[in-house]
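Sequence unavailable; structure follows:
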């Protein structure tokens, strides 16, 4: 995953390679990306996801239509695909190997899947009443595009679901985990945020008596469990990414990023040193390679502070991604900052993230590096 500053509806989306960014105008197009290490900056606000092989990056604008795009790193092409709706409420969330897109779209907001041939198809909720105009949301999809996970609104509470497109096409609710807040008579809220490419693991968060979000996971049969022992009240957490085989989960708990395996449990990988006194938010691991040797994410407050995209390896620990990029001989435009990573290809050689340029505009970046650049 695999986890959005408003703009007027764009007449045109420009695309520029890092080397020529300053000279690009609104009608510029990128030449085909180089076959070796490269970093491209794309004038779309929100990076979303990558296909497992890294051949397509899913991106979305943040505006009243929520236009979404496919960007192809091999050719440097940016292709408009469709609209999701008002991006303050709706979003595309994931892409399968074959280009099926999941999201929460329309008004009222529905869980849906999008294909090139059929456009948007709603996934009907099992509940008769949503929360006003909020019905359900689809958050991730398996590599084959057959299984989708997300959450459905039961009045104004949410429950995690799994939808199998090869079966009856009906949402199957996952075990409700956690506990409601003290004094509440409603069941605890749950969301399935991610699913492994092979469908063997589902994960996200569950409400507990101590916090609104706590890392949680579910098996394909719908049974689930919380990932860690109790933590101090108010300490939030969530699983943000899962390895293709479902054996490694990553995310955040409190101020630290973590990875989890069944054998080793939860292991904290910490956070980067704060940039300044306003950098008070911890680290969040949001993407990983198939073997877990590369973990990517953000350290620092992602909205109002000084977020820094990071990469973690067992030998090197957590490092600013920009250090690896420049050591590999790539040039970052003056004043630009790599602020977070949202997705990785299965092998870790292609990653998708967000950057802030010198003029404070927010764009996507696609980075292609060999594993040796990370010390692997």
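Noted; the coordinates are in hand. Remember, it's a predicted structure, so these values are computed and weren't measured experimentally.

Please count neighbours and contacts with C-alpha atoms only from this point.
Fine.

Pull the contacting residues for the residue lying closest to residue 174 once chain neighbours are set aside.
Of all residues not flanking residue 174 in the chain, residue 222 sits nearest, at 4.5 Å (Cα to Cα, 6 or more residues apart in numbering). Applying Cα atoms under 8 Å, 6 or more residues apart in numbering to residue 222 gives the contacts 162, 172-175.

possible to save these as CSV with secondary structure?
Formatted as CSV, those follow (DSSP: H, G, I helix; E, B strand; the rest coil):
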residue, secondary structure
162, strand
172, strand
173, strand
174, coil
175, coil
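
Report the two of those residues separated the most.
162 and 175 (10.6 Å; Cα to Cα).

The two: who's more crowded?
Shown here are residue 162 and residue 175; by other Cα atoms under 10 Å, residue 162 has more neighbours (25 against 18).

residues in contact with the more buried one?
Contacts of residue 162 by Cα under 8 Å, 6+ apart are 147-150, 171-174, 222.

what stretches of the chain score poorly on pLDDT?
1-35, 167-168, 229-231, 275-280, 302-305 (pLDDT under 70).

Tell me which stretches of it form helices.
321-327 (DSSP state H).

any idea how it splits into domains?
1-80+296-376, 89-247 (automatic domain parsing).

Looking at those, which is nearest to residue 257?
Once these are compared by Cα to Cα, domain 1-80+296-376 is nearest, at 8.4 Å.

buried residues in stretch 313-330?
Neighbour-count burial for stretch 313-330, counted by 16 or more other Cα atoms under 10 Å, picks out 313, 318-322, 324-325, 328, 330.

re the thing from before, now flag whichever of the contacts of residue 222 is closest to residue 359.
Set against residue 359, the nearest of those by Cα to Cα is residue 162 (42.2 Å).

Show me what that closest one is bridged to.
residue 149, residue 172 (DSSP bridges).

gap between it and residue 223?
For residue 162, the distance to residue 223 equals 11 Å [Cα to Cα, to the nearest Å].

Give me the common contacts of those two.
With Cα under 8 Å, 6+ apart as the test, residue 162 and residue 223 both reach residue 174.

how close does the nearest residue to residue 248 once chain neighbours are set aside sit to residue 213?
What sits nearest to residue 248 in space, not counting adjacent residues and going by Cα to Cα, 6+ apart, is residue 261, at 5.1 Å. Look at residue 261 and residue 213: by Cα to Cα, they are 20 Å apart.

same check, this time on residue 321
Taking Cα to Cα, one finds residue 321 at 28 Å from residue 213.

Repeat that for residue 327.
In terms of Cα to Cα, residue 327 sits 38 Å off from residue 213.

Same question for residue 243.
Counting by Cα to Cα, the gap from residue 243 to residue 213 is 21 Å.

Contacts only, for residue 145.
Neighbours of residue 145 in contact, by Cα under 8 Å, 6+ apart: 96-98, 100.

hang on, the earlier thing: rebuild the buried residues of stretch 313-330 as TSV, extending it with distance to residue 345.
As requested, the buried residues of stretch 313-330 are exported to TSV (distance: Cα to Cα, whole Å):
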residue	distance to residue 345
313	16
318	19
319	19
320	19
321	16
322	18
324	17
325	17
328	19
330	20
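
of all the residues you listed, which comes closest to residue 235?
For the buried residues of stretch 313-330, the nearest to residue 235 is residue 318 (21.8 Å; Cα to Cα).
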